[in-house]
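Chemist: sharing a model that was predicted from the sequence below.
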Amino acid sequence: MYAVLPVLEKFLLENIYKLAALPKLALITCLLLILFACKGEIPPLERKDHPLPQDAEVSESEPGLYGGILVTAESQQPRTFNPLVAEDAYSSQAIGRFLNGLTSYHPLKEEVVPELARSWEISSDHKSITMHLRRGVLWSDGEPFTAADVIFTFKALFDERYPNRYQGQYIIAGKPIGFEKLDRHTVRFTTARPYSPFLYVIGFIGILPRHKLVDAYEQGTLLQEWSVRTAMHESGELVGTGPFSVHSFRPGQRIIFEPNPHYWRVDSRGQRLPYVDYLITRFVQDRNTATVLFASGQIDAADIAPGDVVGVSRNAPLHGFTVHHRGPATGIRFLWFNQKPGVNEDGRPYVEPHKLEWFTNKYFRQAILHGFNREGLIQSVYFGRAELLHSIISPANQRWHNPEVPKYPYDPRRAIELLEEQGFEFREGGQLYDKHGNPVIFDVYASEGDDITPQIMSTFRENMRDLGIRVRVRYLDFGTLVARISRHFEYEAAMMGFTGGADPSGGRAIYLSSGRLHLWNPEQEEPQTEWEANVDELVYASEEIFDLEERVDYVHRMQEIFSEQLPLLYLLTPHAYAGLKDKWRNVRIPAMGSVIWNIDELYLDREH
Amino acid sequence: MLAFIIRRILSAVPLLFGISVLVFILMAVAPGDFLDVARSQEDIPAEYIERMEQEFALGEPWHTRYFIWVGNVVQGNLGESWIYRVPVTELLWQRIPATLVLSALSILFALCLAIPLGVLAAIYKDSIFDRISSMFAYAALSIPEFFLALLAVMFAAQTGLFPTGGLSSVEHEFMSFWGRMADYAHHLVLPTIVLGMGSVASYMRIMRANFLDYVRSDFVTTARAKGVPEGRIMFLHVLRNAINPLVSGSGFILATLLSGSILVENVMNYPGLGQLIFEALMRQDEFVVVAAVLMGCVMLMLGNLIADLLLAWSDPRIRLEKN
Amino acid sequence: MIKHLFKEISRRPLGVVCLTILGILYICTIFSQFLAPYLPTDQDLNNAYHPPTRILMVDWRPHVQVYEQVDPSAARYEPVEGATVPVSFFASGAEYRLWGVIPADIRLFQVEETHRLYLLGSDGTGRDVFSRLLYGAQVSLSIGFIGICITMTLGFIVGGVAGYFGGRVDFAAMRMVEFIIAVPSLYLLIALRGALAEYFEPEQMYLVIVIILSLIGWAGAARIIRGMALSLRQRHFVLAAEVMGQSSFKILFKHFLPNLASYLLVAATLSIPAYILAEAALSFLGLGIQEPGTSWGLMLQQAQELKVFTLNLWWLLLPGAAIFVTVITFNVLGDVLRDIVDPRQQMVKR
């Protein structure tokens, strides 16, 4: 230390009067750095000319030119690249870039389309499905893709050593689905009973390369394979059939995908897709920052919140993008009352009996929804960019959503009428009492950490005060809330949301009275009410019907029952907005799902 | 000296154990667990959740998990992250360099700015410069850090002079070595300033106060009486003494090197430890949290130890054994 | 001593300015229910993100300009030409309880109910930012006081006892202090808050947060006080008191406390800003005060969204300015106090 000090002293003595220039010096250094860091250009990708597979799929979209880099942002990074480990949407999305399923869901056609399976036949009893795989498809490392890979994937999926989230989805009527290899390119699946969502759910699992993973599978270490570590240090190990391969992954920063040189889709000119040279996904935790990035032209695509649409659109001419209106969002958001009868381990009732009496009364629930000024919330908090939600399936899901269900617009008079019909009465101070003389007070639990929830809950509280009902809102962190509603059942009311999928079979856990997320009274051994029994029947029946129209009809009837009984008080659904740069062609924005779902077909307009 | 160091390290062991127990208890007391996110997804089957509960021993009381953990630690294994299914040490290593660089730079920035400013403010006490710099110091101390970060992001987006957060640009992988370095440097400017701003103010105040203290001291008067030139007095005698507390304080700085700033990292999207730890904390990824907490403690203790050693070294009046 | 302090402060212009600012802030806070035209929870969903209303003088009486919404999707309001509403002073309106006890219904100023007076604009559900700022001050300005009361008391007791008795007591106390300092405070905070959140209503979270913050904060104070107590211990008057057989308790409070008072005062003034900033940071992470409660930190968190910057909703950032002014004032005042009680600047422990 003291060896340094004399030198320092000397320096200081000689430069005493220059000290004041230090900030200036720093500034100059900064400016130099900025000059230094003038944007490095990514060189165009050199594509290798591999022969096209025999069963290549020809894209229906307009053919384009190679080149371009598409940058997107996600709020979280993938946690794993192993589909058997993945639980969250961010990992699944990254995995979906390099792995294919047998089938996939086309968000515009709203139907299941072939992916690795070229075509399929369903037997007359609807219990066995024969899938013909695409011939000539190669894995990204050049090995051939065959039925052995499919069999390997399903064997791993049902292996006792490897618990995973898909297992339960492929257990139909209590039995795992059967799968057998008929020949090198044919696989037959069998189900214990006819199951119409089969083609939809079979596409969930990405088919794994047997030649890469069979050793780990034998050794029992399959779940340790393909972690973030693999993506960081040996991204070449992540072998797939999808449009992209992982080029590089930097935790907390970004993942870069490059085109898979063996991808099986081509355009009408015989050019192998995808067109883009690189697909880059940046991880941007803060939603505001992501929007700022898009508005300043640094990323190509982003979801825009309703409140930010006007502000972001102002930059559109400057950076050449458009904010597309996608209509209602896919998720549903609701508030519900705990209707679970019975007592907990300590012998205390889950819900106080007199409150349970209100909560199980559908007119009480309807009155509450009538008394909630959701329209006002849309007007204020959402800047008019949202709509009321009336059904358990979001209007975004046009195929299954039933627009003709009972509705409960803001109507405090009707609310009071309903309450008075049920024996509730107002006493001094405007407080509402039930017919036994109990004041109407309840607690609502909500999850903290999103900016809209407090505004919704504060409005609800104010609206209920106008009805003479005292509502106490308590904010819990998400984990606590989930523990309360799904394990301890000690709550009176709560607010939550679900993301919603394309096929109603994804909502079984909510609809069925035996379901884990049948929130108001989950995991019933026998349906407790008549209408719940009806719903159960409709759900089971709809899953055995292969005629689409007929199945839609069943799902519509189910929604009517839910909206009439109102176990969930639907709130509202914000409109979804997607910003996308104008320089991309072949953009077709669906009502649901990712904006760049057809990323392999997007190409750069040279004029931009 | 060696005995002192050994004693200090030995006395740290029970502390670390105490803290690890405390962390496990706190995690158990905090409601909910790691699997709650899975529980709330409509399409994750109940059987899978049960399997995971068994695998992570989440149904068991906390001490069962604690002993599993201690067993692992004895074998030199800090456990695996439940979120990432990757060894905890590896996960932490992914983030340590970024945090280390940022902390070191911001401290350096703070010292480089604070020492001259503090000295000048002390020399020209009560001048306009002193007033302005002290106003600046008050202002820097009074702006919430996260708000400053937010303003920095807005500034970057508006002017385009600096990148809006992150540690490297999307072209990074395709750059030459020097291009990469410049890219890093460009990204580090704003976070360094945001993180260093608060310390600039406090170091500056310390520096100014110390400096004034020594200016009034006897040896300066003596030197003046002997006719030593004023510049020499100021920079040879006063500065040297005034800088001492900052030098010995640098041990304490070590403790903060790896703490990472959750707020700034989140707003500025900086891929450091803070982000990772906050996620682990919110998701209750127990082994990651424990490892991160213990790492912080070890750094703190090492920092204190080094601070004491530096102090003893720079000020012979202090004897370690008596401490 | 207090008298002496006041005299000293009044001789320094900076001190006077600080005291005046703080005085105004605290008086506003104490009378916030009287000063605020609305309750902090009063919504008006038709007037969300309303800009600050213009005040005009009509016939020598202040009137409020009436606005109409022209574009709800961008929260744009235009003044209606010629339409104004008079402001009434000291008129009665909705009832409230002053300080939670005295029933009252008179407010300093308000307008008739069909219109709204937004001195500083409105937030996303049409609540008056001015009223919320006043009510929020109750939390933000008291959190520091309650916090330092707890930390200083605990710090004095633990530090004083450790320093006075020394030996094993000192050893045990210092290990405890080390332990608390070693536990990263944010983890402790998040875990404790998570554990306690379900037992408290949002309005009570305020207390939970102060208590957690001060339970973390006392250790540092205890360490410094212990050091000072160690040196006091050797002073003649303490030894004399001991010889005279005074009880330890009496010595602690009669001899230690007055001698440490000036330090405690300065340290307290300088640590109040830390509480205010901590509350803001916690609220930013979503871990602070909760709706429908209000605090400056919570309001700032609600205003840090992009739309505030893009839709020119700048007035929503005012809580940030309020925090800034308060913190700066406390810091300056703390330094002035330190100059007075410790001109040699021996407590540069910051």
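Modeler: Thanks, I have it.
Chemist: tell me how far A:Gln559 lies from chain B.
Modeler: From A:Gln559 over to chain B the distance is 16 Å, taken as Cβ to the nearest Cβ, to the nearest Å. Using the backbone N, CA and C atoms, a C-beta is placed for each residue, glycine as well.
Chemist: how close does the closest residue to A:Asp267 other than its chain neighbours sit to A:Ile599?
Modeler: Of all residues not flanking A:Asp267 in the chain, A:Pro63 sits nearest, at 4.0 Å (Cβ to Cβ, 6 or more residues apart in numbering or on different chains). Using Cβ to Cβ, to the nearest Å, we find A:Pro63 at a distance of 16 Å from A:Ile599.
Chemist: okay, now the sheet partners of the top strand by length along chain A, with direction.
Modeler: Longest strand in chain A by number of residues (criterion: DSSP state E): strand A:572-581. Strand A:572-581 has the following sheet partners, assigned by DSSP bridges: strand A:301-304 (antiparallel), strand A:321-328 (antiparallel), strand A:386-388 (antiparallel).
Chemist: redo these as a markdown table? Include mean pLDDT and distance to A:Met464.
Modeler: A markdown table is the format used below for these (pLDDT from 0 to 100; distance: least, Cβ to Cβ, whole Å):
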| stretch | mean pLDDT | distance to A:Met464 |
| --- | --- | --- |
| strand A:301-304 | 92 | 32 |
| strand A:321-328 | 92 | 26 |
| strand A:386-388 | 93 | 18 |
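Chemist: hmm, back to that, look at A:Pro63 and A:Ile599 and report which has more neighbours.
Modeler: The residue with more neighbours, out of A:Pro63 and A:Ile599, is A:Ile599; 22 against 17, by other Cβ atoms under 10 Å in any protein chain shown.
Chemist: stretch A:531-549 - what's its average pLDDT?
Modeler: Averaged across stretch A:531-549, pLDDT comes to 92.
Chemist: return the most buried member of the strands paired with strand A:572-581.
Modeler: strand A:301-304 (a mean of 24; mean count of other Cβ atoms under 10 Å in any protein chain shown).
Chemist: what does it contact?
Modeler: With Cβ atoms under 8 Å, 6 or more residues apart in numbering or on different chains as the test, strand A:301-304 has contacts from A:70, A:72-73, A:290-291, A:293-294, A:312, A:323, A:576-581, A:595-596.
Chemist: hmm, try it at 10 Å
Modeler: A:70-75, A:284, A:287, A:290-295, A:308, A:310-313, A:321, A:323-326, A:329, A:385, A:576-581, A:584, A:587, A:594-596, A:599, A:602, C:306 (Cβ atoms under 10 Å, 6 or more residues apart in numbering or on different chains).
Chemist: just the buried members of those residues?
Modeler: A:70-74, A:284, A:287, A:290-295, A:308, A:310-313, A:321, A:323, A:326, A:329, A:385, A:576-581, A:584, A:587, A:594-596, A:599, A:602, C:306 (16 or more other Cβ atoms under 10 Å in any protein chain shown).
Chemist: now, those that are in helices?
Modeler: Mapping the buried ones among the contacts of strand A:301-304 onto helices (DSSP state H) picks out A:Arg287, A:Ala290, A:Thr291, A:Val292, A:Leu293, A:Phe294, A:Ala295, A:Val310, A:Gly311, A:Val312, A:Ser313, C:Leu306.
Chemist: restrict those to contacts with chain B.
Modeler: Restricting those to those within reach of chain B (Cβ under 10 Å from any Cβ of the partner chain) leaves A:Ala290, A:Thr291, A:Val292, A:Leu293, A:Ala295, C:Leu306.
Chemist: in space, what's closest to the third one - neighbours in sequence excluded?
Modeler: Counting by Cβ to Cβ, 6+ apart, B:Ala157 is the residue found nearest to A:Val292 once chain neighbours are left out, at 4.6 Å.
Chemist: am I right that the one you found is in a helix?
Modeler: Yes. Secondary structure of B:Ala157 (DSSP: H, G, I helix; E, B strand; the rest coil): part of a helix.
Chemist: got the contact list for it?
Modeler: The neighbours of B:Ala157, taking Cβ under 10 Å, 6+ apart as the test, are A:289, A:291-293, A:295-298, A:315, B:163-165, C:306, C:309.
Chemist: apply 7 Å and report the result again.
Modeler: Contact analysis of B:Ala157 by Cβ atoms under 7 Å, 6 or more residues apart in numbering or on different chains lists A:Val292, A:Ser296, B:Thr164.
Chemist: how about B:Gln275?
Modeler: The contact partners of B:Gln275, taken as Cβ under 7 Å, 6+ apart, are A:Gly252, A:Gln285, B:Glu265, B:Asn266.
Chemist: top of those residues by neighbour count?
Modeler: Busiest of the contacts of B:Gln275 [other Cβ under 10 Å] is B:Glu265, holding 28 neighbours.
Chemist: so that residue sits right up against B:Gly272, yeah?
Modeler: Yes. The criterion here is Cβ atoms under 7 Å, and B:Glu265 meets it with B:Gly272 at 4.9 Å.
Chemist: all the strands of the stretch 401-550 of chain A, residue numbers only.
Modeler: A:425-426, A:432-433, A:441-447, A:470-476, A:493-498 (DSSP state E, counting those that start in this stretch).
Chemist: try the stretch 1-150 of chain A
Modeler: A:57-58, A:69-74, A:103-106, A:111-114, A:117-122, A:128-133.
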